[in-house]
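Student: got a structure for you, letters missing:
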């Protein structure tokens, strides 16, 4: 079963509007971390935001915020005031707390976001 | 200063050849990774080293051999290249201490096997 699900293969948003990219996860661990990365067309992977399972507040980093709903096991990325440079692939990932040194990041399949002028 | 640098950025080669990709990080991290990203953008971990010790070795053909001469370097050697090896290979590094360790990625190596 997929541990990280990104149900939107592609999204469009108008410049200056907000957009939400969905991510749901599946884990039985109490301790875990959720990450969002951006991959523009140039190819590099850029860390955006992190949310810990015990964090009480939703994480925010500039125009990025993470809408963390633990009971629903969702960690949606919200981008406010979209810019043309936000056009990219966005990946959600999770690291579970157990496993010691073998803990891996589990990746979603990504959402391609296109910002229209 | 580039935090995680990998070379070359592009690699075009014939089937059957042997090639290497080099990776270096100057972040003082203790853990390094190799990821493969296929044409559908799916990211798959291949290997991970922590303080030069192999800790993650996914189901990868034996033709792929990682080597970590020290904490700051992790190279990937590929023997007898096949068409299916064409992909983007990313090196990454992190501090393996807590759940919130984030990965810093290199810019990727686009490998094309003809």
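Tutor: Looks like it arrived, so ask away. What you see is a predicted model, and the numbers here were worked out from it, not measured in a lab.

Student: CA atoms for contacts and neighbours, from now on please.
Tutor: Will do.

Student: now chain A against chain B: closest residue?
Tutor: residue A:44 (4.7 Å; C-alpha to the nearest C-alpha).

Student: and the nearest residue to that residue once chain neighbours are set aside, what's its pLDDT?
Tutor: Sequence neighbours aside, residue B:107 is the residue nearest to residue A:44 in space, at 4.7 Å (criterion: C-alpha to C-alpha, 6 or more residues apart in numbering or on different chains). Among the per-residue scores, residue B:107 holds a pLDDT of 94.

Student: which strands or helices does the host helix or strand of residue A:77 pack on?
Tutor: Element membership for residue A:77 (DSSP states H and E) is strand A:74-79. Under the contact criterion of 3 or more C-alpha pairs under 8 Å, 6 or more residues apart in numbering or on different chains; DSSP states H and E, strand A:74-79 touches strand A:19-21, strand A:24-25, strand A:64-69.

Student: can you get me a residue count around residue A:37?
Tutor: If you count neighbours by other C-alpha atoms under 10 Å in any protein chain shown, residue A:37 ends up with 21.

Student: residue 18: neighbouring residues, count only.
Tutor: Reading this off chain A. Residue A:18 - counted by other C-alpha under 10 Å - has 15 other residues nearby.

Student: chain B was what I was after
Tutor: Residue B:18: 15 neighbours (other C-alpha under 10 Å).

Student: how about the residues of chain A near chain B?
Tutor: A:31-33, A:35, A:43-47, A:50-52, A:95-97, A:101-102, A:107-110 (C-alpha under 8 Å from any C-alpha of the partner chain).

Student: please redo it, this time with the cut-off set to 10 Å
Tutor: Residues of chain A lying close to chain B (C-alpha under 10 Å from any C-alpha of the partner chain) are A:31-37, A:39, A:42-53, A:89, A:91, A:94-98, A:100-111.

Student: what's the PyMOL line that selects buried ones from those?
Tutor: Provided next is the PyMOL selection string for whichever of the residues of chain A next to chain B are buried by 16 or more other C-alpha atoms under 10 Å in any protein chain shown:
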select buried, chain A and resi 32+33+34+35+36+37+39+43+44+45+46+47+48+49+50+51+52+53+89+91+94+95+96+97+103+104+105+106+107+108+109+110+111
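
Student: OK, contacts around residue 4?
Tutor: Just going to use chain A. Neighbouring residues of residue A:4 by C-alpha atoms under 10 Å, 6 or more residues apart in numbering or on different chains: A:23-27, A:34, A:73-74, A:91-94, A:106-110.

Student: was after chain B, sorry
Tutor: B:23-27, B:32, B:72-73, B:90-93, B:104-108.

Student: run the chain-centre distance for the strand holding residue A:77.
Tutor: 6 Å (C-alpha atoms, centre = their mean, to the nearest Å).

Student: gap between the helix or strand just after that strand and the chain center?
Tutor: Downstream of strand A:74-79, the next assigned helix or strand under DSSP H and E is strand A:88-96. Distance of strand A:88-96 from its chain centroid, counting by C-alpha atoms, centre = their mean, is 5 Å.

Student: strand A:88-96 pairs with which strands, parallel or anti?
Tutor: strand A:32-39 (antiparallel), strand A:105-107 (antiparallel), strand A:111-116 (antiparallel) (DSSP bridges).

Student: how far off strand A:74-79 does that strand point, in degrees?
Tutor: Put simply, strand A:88-96 runs at 150 degrees to strand A:74-79, going by axes from the mean of the first three to the mean of the last three C-alpha atoms, to 10 degrees.

Student: for the chain, which residues score under the pLDDT cut-off?
Tutor: In the absence of a named chain, chain A is used. Applying pLDDT under 70 to chain A flags residues A:1-2, A:97-103.

Student: actually chain B
Tutor: In chain B, residues with pLDDT under 70: B:1, B:97-99.
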